[in-house]
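Colleague: got a predicted structure plus its sequence, pasted below:
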Amino acid sequence: QVHLVESGGGLVQAGGSLRLACVASGRTFSSLAMGWFRQAPGKEREFVAAISQSGRSTIYADSMMGRFTISRDNAESTMYLQMNSLKPEDTAVYYCAAASTLARAVNSYYYWGQGTQVTVSS
């Protein structure tokens, strides 16, 4: 079992930045591929970014490429999402998730956090 807790969400103006964190417990963090997803009201949960167990490989959704950066610290069992140049359409609940392999699909991830709200005002 893996327990994931997100933090760092909040209200920010368009063009601003936020850094989300996801702390994992219950299993060796370095054995897990990790991902960030988001879900806006009335929309399906969508892929944001993912990172391999070692951190050497990362993948991003096209709309986040160049604005968001995913990283991890295996010694601290923590994953991060640095979000820059935020737009109102980035407003959503952001979730971290764990999987056995690097993936984009929601159903590839079997552990999920509770989510953290990000609101970007125009």
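Modeller: It's in. Numbers count the residues shown, from 1 in each chain.
Colleague: mind listing what's buried along stretch 97-106?
Modeller: Buried residues in stretch 97-106, counted by 16 or more other CB atoms under 10 Å: A97, A98, A99, L102, A103, R104, V106. C-beta: built from backbone N, CA, C; applies to glycine.
Colleague: average pLDDT for that stretch?
Modeller: For stretch 97-106, mean pLDDT is 97.
Colleague: picking up where we left off before, redo the buried residues of stretch 97-106 as TSV? Include secondary structure.
Modeller: Formatted as TSV, the buried residues of stretch 97-106 follow (DSSP: H, G, I helix; E, B strand; the rest coil):
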residue	secondary structure
A97	strand
A98	strand
A99	strand
L102	coil
A103	coil
R104	coil
V106	helix
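Colleague: quick check: which element contains the residue most central in space within the chain?
Modeller: Among the residues of the chain, the one closest to the centroid is W36, at 2.4 Å (CA atoms, centre = their mean). With secondary structure defined by DSSP states H and E, W36 is part of strand 33-39.
Colleague: elements contacting the next helix or strand after that strand?
Modeller: Scanning forward in sequence from strand 33-39 by DSSP H and E, the next helix or strand is strand 46-51. With contacts defined as 3 or more CB pairs under 8 Å, 6 or more residues apart in numbering; DSSP states H and E, strand 46-51 has these neighbours: strand 33-39, strand 58-60, strand 68-73, strand 78-83.
Colleague: got the ones you listed as JSON lines, with distance to A92 columns?
Modeller: As requested, those are exported to JSON lines (distance: least, CB to CB, whole Å):
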{"stretch": "strand 33-39", "distance to A92": "4"}
{"stretch": "strand 58-60", "distance to A92": "16"}
{"stretch": "strand 68-73", "distance to A92": "12"}
{"stretch": "strand 78-83", "distance to A92": "11"}
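Colleague: E89: which of those is closest?
Modeller: Among those, strand 33-39 comes nearest to E89, with 10.5 Å by CB to CB.
Colleague: roughly how far out does the closest one sit from the chain middle?
Modeller: 4 Å (CA atoms, centre = their mean, to the nearest Å).
Colleague: contacts for that strand?
Modeller: For strand 33-39, the surrounding residues in contact (CB atoms under 8 Å, 6 or more residues apart in numbering) are 20, 22, 24, 45-53, 70, 72, 79, 81, 90, 92-104, 106, 109, 115, 118.
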